[in-house]
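In: Coordinates for the following, if possible.
(2 chains)
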Amino acid sequence: MTTRRFFLCSLRRSLCALLLCGLAGIAGSAFAADRVIVLDSAEAQLTLIDQATHKVVDTLPTGKEPHHLMITPDHESLIVANSVSNSLMFIDPRTGQLQRRMEGVDDPYQLGFSPDHRWFVTAALRLNRVDIYRYDGHNMTVAKRIPIGKTPSHLDFSSDGKTVFVTLQDSGELAAIDLATQTIAWRMPVGNAPAGLWMTPGDQYLLVGMTGEDDVAVVDWRKRQVVKRIPTGRGAHNFRSLDDGRHVAASNRVSNTISIIDYIDLTKTRDITGLLPGPDDMELTADRKFLWVTFRFARHVGVIDMNTYTLVDTIRVGRSPHGIYFSNRAPVLGPNPD
Amino acid sequence: MINEAINALEDGIASLQTLLYVDAVQPLLYRLGLMGYDEDTYDALYWVIVGVLQIVVMYVVLRPLEAWFPAESWQDRKATRVDVLYTWIAKLGVFNVTFFFLLQPGFDRLQSLMAIHSVPDIQFDGLWPGVTDGPLVSFLIYLVALDFAGYWYHRWQHRFGVWWALHAVHHSQRQMSLWTDDRNHVLDTMIQAAFFAALSLFIGVEPGQYVVLVAVGNLLQSVQHVNARVRFGRVLERVLVSPSFHRRHHAIGYGHEGTRYGCNFGVLLPWWDMLFKTASWNSAQEPTGIRDQLPPPQGRSRDYGDGWWHQQAAAIARISRRLFPAR
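Out: Predicted coordinates for the structure are as follows:
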């Protein structure tokens, strides 16, 4: 970052902070600044960052190896999945404070609610299993534990809530599970180390981040065919919709870039470069101006200006930062649409 | 101040981890089509760096003590060289990698079956939410629980013949030094890893989260073997296993006699020896090793091997003779 840009960023941040302080004064005790919540997967903790000042304000204990998080359908709780502790923590999505815990959820590495909110699904990466829970708006009860291929890692759903799709990282496959019967509908090969999954609007295609390759596979899931490969960067991993009706971001964990994909033309439009190692999970601010990203292999979180497509700030967090969330985010198309 | 120093050290380790991973290890994984191990390898690299740092700290702190205040005077240090090799193998994570590939899938499968068949487990850190899940408290609970298990594991190593044949690799070092802690048979290391992994399944431990404390625990075990007159004092030696307490355990005839007798089995805490009446506080210096290594008439000059391979093979030979004695 040049000195001039750094100065401008600092100035902008100071002005933002000043404005927020003023608003806080007006709103009085009703005001609580939103926190960016980052899961430090190798440290059993989450880091809370002030979204306005980019300062770390606190760290709070979680269970062991928290990797991913998911907002509940009523937006009242954020679920932190502690994969090695076999537990879920429900926390306040704005402050990170603990609300309640749920034990006995086996290896919840990845998690998601079906769009009709009837099902809660976890991918047990270490245990080679996908577990389906019935969701009643508050509690989850096991419907079925389904042994599946090696290392199920990411999930997405069909918009009718009938099917959950899961990537099987070490099997090199994509699988579909019928939620009503809780049975595996099909499995198909997609390539080396498939990870992130993203359904294009209208349920037309599934985009699959190929972490062992340098592309995103476009899967016509009804025909069970890979119809195209979009070259992105080495280690394509995860997605975040950009809420502009056209684009989705894909992180590339080996190239250390983020590719912007046009999901209508199915082409890459640009790369964001100059990042730290291991860009992984991403979250977009409500005004769509900043994309936050965890740098898995650099113990930092980054903030990318989406006007200039440049990294404007990095914030030190704990070891292996993975999931990231803040409540005033841009709507999510999938997985788990807002 | 201490926090700042720990933070600075952690930052240094993290930078080195990132540098090594991004520039050397990850490109290799990618080329070999092993990106499924991307995250695990990155996390494991942290422990390799911590292991190398442990060796540096051990050497810098303990080696001068061995030179200036030796407990035993030796003509040379040739016999300790093989233990240096054992230490590097252990600290570079070779055993961890072997465990990961050979045994981890089995334990994951076991955990999965436990859930499917509703076998209960105890998550110690979840016993009292808000207290027992705090980083320090949960670590201390697990430390005590695992140390208790470690005490019994060690007693059984001395109790059962085949197991003793493996553990004898550790005891056959007659020049006990800062390097001796990791001198163990490969099979013994794997059995130990499996034992603690099984236990961890039931009590939910993962000490890997607590870097500093794990590193200090490992360092303490190196201190226990140091060839130096380091006194803990009457109080501290009843809190932590001291070098003289552990040296007593290695003393021929006084600390152990094959499978027939033993004392001072504690790993980090001497409490279990006190509780189960196996503690000896006598700090008189006695030769360490195994009786049958001694020349006749005390022993029969048995050869436990000089080099790594020889020692590993000799243990297997001892086991076969025990299982299939010549008629």
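
In: Briefly note if stretch B:191-200 comes near chain A.
Out: No: interface with chain A: stretch B:191-200 contributes nothing (Cβ under 8 Å from any Cβ of the partner chain), its closest point being 9.5 Å away. All C-beta spots, glycine's among them, are computed from the backbone N, C-alpha and C.

In: What is the neighbour count of the closest residue to residue A:200 other than its chain neighbours?
Out: Nearest in space to residue A:200, with sequence neighbours left out and distances taken as Cβ to Cβ, 6 or more residues apart in numbering or on different chains, is residue A:263 at 4.9 Å. Burial of residue A:263 is recorded as 24 neighbouring residues (other Cβ atoms under 10 Å in any protein chain shown).

In: got it, and the one 5 residues further on?
Out: When neighbours are defined as other Cβ under 10 Å, residue A:268 has 17 of them.

In: about what we covered before: thought the residue nearest to residue A:200 was touching residue A:199?
Out: No: under the criterion of Cβ atoms under 8 Å, residue A:263 is not in contact with residue A:199, lying 9.8 Å apart.

In: Could you tell me which residues touch both of those two?
Out: Listed contacts common to residue A:263 and residue A:199 are A:205, A:207; contacts here mean Cβ atoms under 8 Å, 6 or more residues apart in numbering or on different chains.

In: Do you have the strands of the stretch 101-250 of chain A handy? List them.
Out: For the stretch 101-250 of chain A, the strands defined by DSSP state E, counting those that start in this stretch occupy A:110-113, A:119-124, A:129-135, A:140-147, A:152-157, A:163-168, A:173-178, A:183-189, A:194-199, A:206-210, A:215-220, A:225-231, A:236-241, A:247-252.

In: Can you tell me what sits against the longest one?
Out: Spelled out, that is strand A:140-147. Contacts of strand A:140-147 (Cβ under 8 Å, 6+ apart): A:102, A:105-106, A:119-120, A:128-134, A:177, A:182-184, B:112, B:115-116.

In: If any of these are buried, give me the ChimeraX selection for them.
Out: Buried residues within the contacts of strand A:140-147, by 16 or more other Cβ atoms under 10 Å in any protein chain shown, are selected in ChimeraX with:
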select /A:105,106,119,120,128,129,130,131,132,133,177,182,184 /B:112,115
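
In: Which helix or strand contains residue B:13?
Out: According to DSSP states H and E, residue B:13 maps onto helix B:2-20.

In: Which helix or strand lies directly C-terminal to that helix?
Out: Counting by DSSP H and E, what follows helix B:2-20 is helix B:26-31.

In: Which strands or helices does the following helix or strand past that following helix pack on?
Out: Downstream of helix B:26-31, the first helix or strand assigned by DSSP H and E is helix B:38-68. Applying 3 or more Cβ pairs under 8 Å, 6 or more residues apart in numbering or on different chains; DSSP states H and E, we find helix B:38-68 packed against helix B:2-20, helix B:26-31, helix B:81-91, helix B:94-102, helix B:211-225.

In: Which elements pack onto the shortest one?
Out: So the one you mean is helix B:26-31. Packed next to helix B:26-31, using 3+ Cβ pairs under 8 Å, 6+ apart, are helix B:38-68.

In: how about the helices in the stretch 101-250 of chain B?
Out: Using DSSP state H, counting those that start in this stretch, the helices of the stretch 101-250 of chain B run over B:104-116, B:135-159, B:161-171, B:186-203, B:211-225, B:233-236, B:243-250.

In: tell me the most buried of those?
Out: Most buried of these, by mean neighbour count (mean count of other Cβ atoms under 10 Å in any protein chain shown): helix B:243-250, with a mean of 24.

In: Check what contacts that one and list those residues.
Out: With contact meaning Cβ under 8 Å, 6+ apart, helix B:243-250 is reached by B:71, B:171, B:176, B:223-226, B:228, B:230-232, B:237, B:254-256, B:262-266, B:270, B:279-283, B:285-286, B:288-289.

In: switch to 7 Å and redo it
Out: Contact partners of helix B:243-250, identified using Cβ atoms under 7 Å, 6 or more residues apart in numbering or on different chains, comprise B:71, B:171, B:176, B:223-226, B:228, B:230, B:237, B:254-256, B:263-265, B:270, B:280, B:282-283, B:288.

In: Would you mark the buried spots in stretch A:267-286?
Out: Per 16+ other Cβ under 10 Å, stretch A:267-286 contains these buried residues: A:268, A:271-272, A:275-285.

In: Surely residue A:275 is in contact with residue A:303?
Out: No: Residue A:275 is beyond contact range of residue A:303, at 11.1 Å (criterion: Cβ atoms under 7 Å).

In: what about the helices in chain A?
Out: A:3-27 (DSSP state H).

In: show me what contacts residue B:323?
Out: Per Cβ under 7 Å, 6+ apart, neighbours of residue B:323: none.

In: do you know how far it is from residue B:317?
Out: 11 Å (Cβ to Cβ, to the nearest Å).

In: Contact partners for the residue nearest to residue A:200?
Out: Residue A:263 sits next to A:200, A:246-248 when contact means Cβ under 7 Å, 6+ apart.

In: Can I get the buried ones among those residues as something I can paste into ChimeraX?
Out: To isolate the buried ones among those in ChimeraX, judged by 16+ other Cβ under 10 Å, type:
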select /A:200,247,248
